[in-house]
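# dropping the sequence and predicted coords here.
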Amino acid sequence: MKMDSQEELQHIAVVGAGLVGALEACLLAKKGYKVDVYDVRPDIRKMEHVAGRSINLAMSVRALTALKGIDLDEHIKNEYGIPMHSRMIHNKDGSKYGIPYGKKNECIYSVGRRYVNEILLNKGEEFSNITYHFNHKLVKADLNKPELTFSVDQHNQNEQITVNPDLIIGCDGAYSTVRKEMMRKPRFNYSQEYIPHAYMELSVPPVNDDFAMEKNYLHIWPRGQFMMIALPNQDKSFTLTLFMPTDTFSGIKNREDLLQFFQDNFRDSIDLIGEEKLVEDYFANPYLPLVSIKCKPYNVGATSVILGDAAHAMVPFYGQGMNCGMEDCIVLNDCFESEGSVSSALDKYTKVRNPDAEAMCDLALYNYVEMRDLVNKKTFLLRKKLDSLLHWMFPNFWVPLYTSVTFTRMRYHKCISNKAWQDSTLTWITTGGSIACLAAAIITARQNYNSINCLTMKFVDFVSNYIK
Ligand code: FAD
């Protein structure tokens, strides 16, 4: 980082010690900043059960590159993460088949949310310039001063404390309080969309101390209007996530409804989950909403900036929320490196990151249709085969959409424009193919027509001669 920024920033406050906040704190501390991290939750490392969203996540190159900055990537790749090389599609009749994600050596990793969060917090303990403040709920922020007011819950006592850092970094998730304060500022754009689908987590326990299904796959039961997926866990169980419209969830009212629904749609999963456990978990677990959030700008002058879900919550169908959030940390770091002041670094961060994060929110919504519906279609499979063939022939030139998003750090908005020209090329090839087929058909028909014509002429000649 340039000295100007270093001098300007004596003290940074990171709000949120989740996946993005805990990482960002480490990266800043590594640069020598004094960082205070605040989170509303108690220290999760000391909790028996951590309530909250998805138990496991798919981690790919963007998050891994960010983790490389604090030497945690190799641990995920070689020791902890479970590699998933392919999707495993489960048909209604119980048959299944694999569709690889990319080339032989390309895979995504199934990781536990809690575990990754804990190793990031542990890493932070290695830096003497990071201080954690758990049980601190941000209730108010004055982004001009800047000033943060926390409600602190300790020993059954509640008090409010106020701090005045030089820079506020909001990593406080999809319902961010820092972002709410930004919304009071003029010219702040904000939009959110709840999709009609919600999600519920179920699980498949191990069988004979082993995985009950093929381990190195992301299992998918695509059913058009709804779907279920499963990711492997370290303890040899699978976490299943059922995505369905809220009406479908609420329409299942009792044991009979549920078992009939699973019989009709996910028959092979009933024995895997266990009938009793399925009924118990389904009626005990809540179904949770899925929201997509876009906003701009991500900073207020030189005093505050938002990263991760606080800036761009997305539906989980591309498995990119955490990946994108962790990549935010790299982009912010690069902006500090290249710019001479905090204000221009944060302005640049908004300028560079916003089109990419919004592109990723759109791609996640697109994959929502692909996963639950398109993977079942012959045209989709044909497209995947064509994509793989062209990628194999021209590895640097033809990079399929999924590969560019998941296995490269191509800017997300470029991934979209890349797909757009590939689509037109394929349309051109297939239209060209259709025209060639049509031309061949016409030529054949003409030849046949000529021969038919010839025969007709001969027949007419014959009849005329005969009559004569
Ligand atoms: P969070 O993880 O939400 O962390 C926010 C932190 O801020 C929390 O610790 C919270 O306690 C704290 N906080 C909140 N409010 C306050 C406050 N007022 N004061 C103080 N602290 C506060 N992403 C992937 O990359 N791959 C996947 O496979 C994937 N699967 C997903 C599946 C599901 C079902 C869902 C819902 C999401 C999935 N995601 C996935 C997305 C991923 O979970 C998020 O993008 C990621 O957690 C964002 O991290 P974050 O640190 O920005 O926010």
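Looks like it came in fine.

# bridged to Val111, which residues?
Using DSSP bridges, the bridge partners assigned to Val111 are Leu57.

# I'd guessed it sits against Tyr80; true?
Yes - using CB atoms under 8 Å, Val111 is in contact with Tyr80, at 6.7 Å. Just so you know, the C-beta spots here come from the backbone N, C-alpha and C atoms, and that holds for glycine as well.

# neighbour count for those two, which is higher?
Shown here are Val111 and Tyr80; by other CB atoms under 10 Å, Val111 has more neighbours (23 against 18).

# check contacts around that one.
With contacts defined as CB atoms under 8 Å, 6 or more residues apart in numbering, Val111 is in contact with Asn56, Leu57, Ala58, Met59, Ile76, Tyr80, Gly81, Ile82.

# now do the contacts for the fifth one.
By CB under 8 Å, 6+ apart, the contact list for Ile76 reads Met59, Leu64, Leu67, Tyr109, Val111, Val116.

# quick check: phi and psi at it.
When read as degrees, to the nearest 10, the backbone of Ile76 gives phi -70, psi -50.

# likewise for the one 5 residues further on?
Note on Gly81: backbone dihedrals following degrees, to the nearest 10 are phi -70, psi 150.

# just give the closest residue to it, not the sequence neighbours.
Closest residue to Gly81 apart from its sequence neighbours, by CB to CB, 6 or more residues apart in numbering: Tyr109 at 3.1 Å.

# what of Met213?
Nearest one to Met213, counting by CB to CB, 6+ apart, is His219 at 6.0 Å.

# Val204 is in contact with that neighbour, correct?
No - counting by CB under 8 Å, His219 sits too far from Val204 to count as a contact (9.0 Å).

# coming back round to it: for the residue nearest to Met213, name its beta-bridge partners.
Where His219 sits in a bridge, its partners, by DSSP bridges, are Met88, Ala230.

# returning to that earlier point: tell me if the residue nearest to Gly81 really is in a helix.
No - under DSSP: H, G, I helix; E, B strand; the rest coil, Tyr109 sits outside any helix and is assigned strand.

# and the residue nearest to Met213, how far from Tyr97?
Look at His219 and Tyr97: by CB to CB, to the nearest Å, they are 12 Å apart.

# cool, Asn265 as well?
Asn265 is 18 Å from Tyr97, by CB to CB.

# what about the two, which has more around it?
Counted by other CB under 10 Å, Asn265 and Tyr97 do not tie: Asn265 has more neighbours, with 17 against 11.

# give me the low-pLDDT residue ranges for this structure?
1-7, 52-54, 374-376, 432-468 (pLDDT under 70).

# around the ligand, pick out the residues from it.
15-21, 38-41, 53-54, 57-58, 137-138, 171-173, 177, 199, 241, 308-310, 316, 319-323, 325 (CB under 6 Å from any ligand atom).

# buried members of those into ChimeraX, please.
Remark: buried members of those, expressed as a ChimeraX selection using 16 or more other CB atoms under 10 Å:
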select :15,16,17,18,19,20,21,38,39,40,41,54,57,58,137,138,171,172,173,177,199,241,308,309,310,316,319,320,321,322,323,325
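
# per-domain residue ranges of this structure.
3-82+107-192+292-368, 194-289, 377-467 (automatic domain parsing).

# possible to save those domains as a markdown table with distance to Asn91?
Formatted as a markdown table, the domains of the chain follow (distance: least, CB to CB, whole Å):
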| stretch | distance to Asn91 |
| --- | --- |
| domain 3-82+107-192+292-368 | 20 |
| domain 194-289 | 8 |
| domain 377-467 | 13 |
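
# figure out which of those domains is closest to Met88.
Among these, the nearest to Met88 by CB to CB is domain 194-289 (3.9 Å).

# run the chain-centre distance for the closest one.
20 Å (CA atoms, centre = their mean, to the nearest Å).

# and Ile161, how many neighbours?
By other CB under 10 Å, neighbour count at Ile161 equals 12.

# packing partners for the helix or strand harbouring it?
Using DSSP states H and E, Ile161 maps to strand 157-163. Packing partners of strand 157-163 (3 or more CB pairs under 8 Å, 6 or more residues apart in numbering; DSSP states H and E): strand 147-154.

# neighbouring strands for the strand it packs on, and are they parallel or not?
By DSSP bridges, strand 147-154 pairs with strand 136-142 (antiparallel), strand 157-163 (antiparallel).

# only C-alpha atoms, please: export the first one in PDB.
These are the backbone C-alpha positions of strand 136-142, laid out as PDB (Å, rounded to 0.1, in the frame of the first residue of the first chain):
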ATOM      1  CA  HIS A 136     -21.100  -5.900  19.700                       C
ATOM      2  CA  LYS A 137     -24.100  -5.000  17.600                       C
ATOM      3  CA  LEU A 138     -23.700  -2.000  15.400                       C
ATOM      4  CA  VAL A 139     -26.800   0.100  16.000                       C
ATOM      5  CA  LYS A 140     -25.900   3.500  14.500                       C
ATOM      6  CA  ALA A 141     -23.200   5.000  12.300                       C
ATOM      7  CA  ASP A 142     -22.300   8.500  11.400                       C
END
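
# in the stretch 101-250 of the chain, what residue comes closest to the ligand?
At 2.9 Å from the ligand, Gly173 is the closest residue in the stretch 101-250 of the chain, using CB to the nearest ligand atom.

# isn't that residue up against Gly18?
Yes - using CB under 8 Å, Gly173 is in contact with Gly18, at 6.1 Å.

# quick check: neighbours shared by these two?
In contact with both Gly173 and Gly18: Gly308, using CB under 8 Å, 6+ apart.

# in the stretch 51-200 of the chain, which spans are strands?
56-59, 82-84, 86-90, 96-100, 108-112, 130-133, 136-142, 147-154, 157-163, 167-170, 189-204 (DSSP state E, counting those that start in this stretch).

# put the alpha carbons of the last one into PDB.
The one in question is strand 189-204. Extracted in PDB, the C-alpha atoms of strand 189-204 (Å, rounded to 0.1, in the frame of the first residue of the first chain):
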ATOM      1  CA  ASN A 189     -28.900   3.400  -5.600                       C
ATOM      2  CA  TYR A 190     -30.400   0.300  -4.000                       C
ATOM      3  CA  SER A 191     -32.600  -2.500  -5.200                       C
ATOM      4  CA  GLN A 192     -33.500  -5.900  -3.800                       C
ATOM      5  CA  GLU A 193     -35.500  -8.800  -5.100                       C
ATOM      6  CA  TYR A 194     -36.800 -11.800  -3.100                       C
ATOM      7  CA  ILE A 195     -37.200 -14.700  -5.500                       C
ATOM      8  CA  PRO A 196     -40.300 -16.900  -5.200                       C
ATOM      9  CA  HIS A 197     -38.200 -19.800  -4.000                       C
ATOM     10  CA  ALA A 198     -37.000 -20.400  -0.400                       C
ATOM     11  CA  TYR A 199     -34.600 -23.100   0.900                       C
ATOM     12  CA  MET A 200     -34.500 -25.700   3.600                       C
ATOM     13  CA  GLU A 201     -31.600 -27.800   4.800                       C
ATOM     14  CA  LEU A 202     -31.900 -31.500   5.400                       C
ATOM     15  CA  SER A 203     -29.100 -34.100   5.700                       C
ATOM     16  CA  VAL A 204     -28.000 -37.600   4.600                       C
END
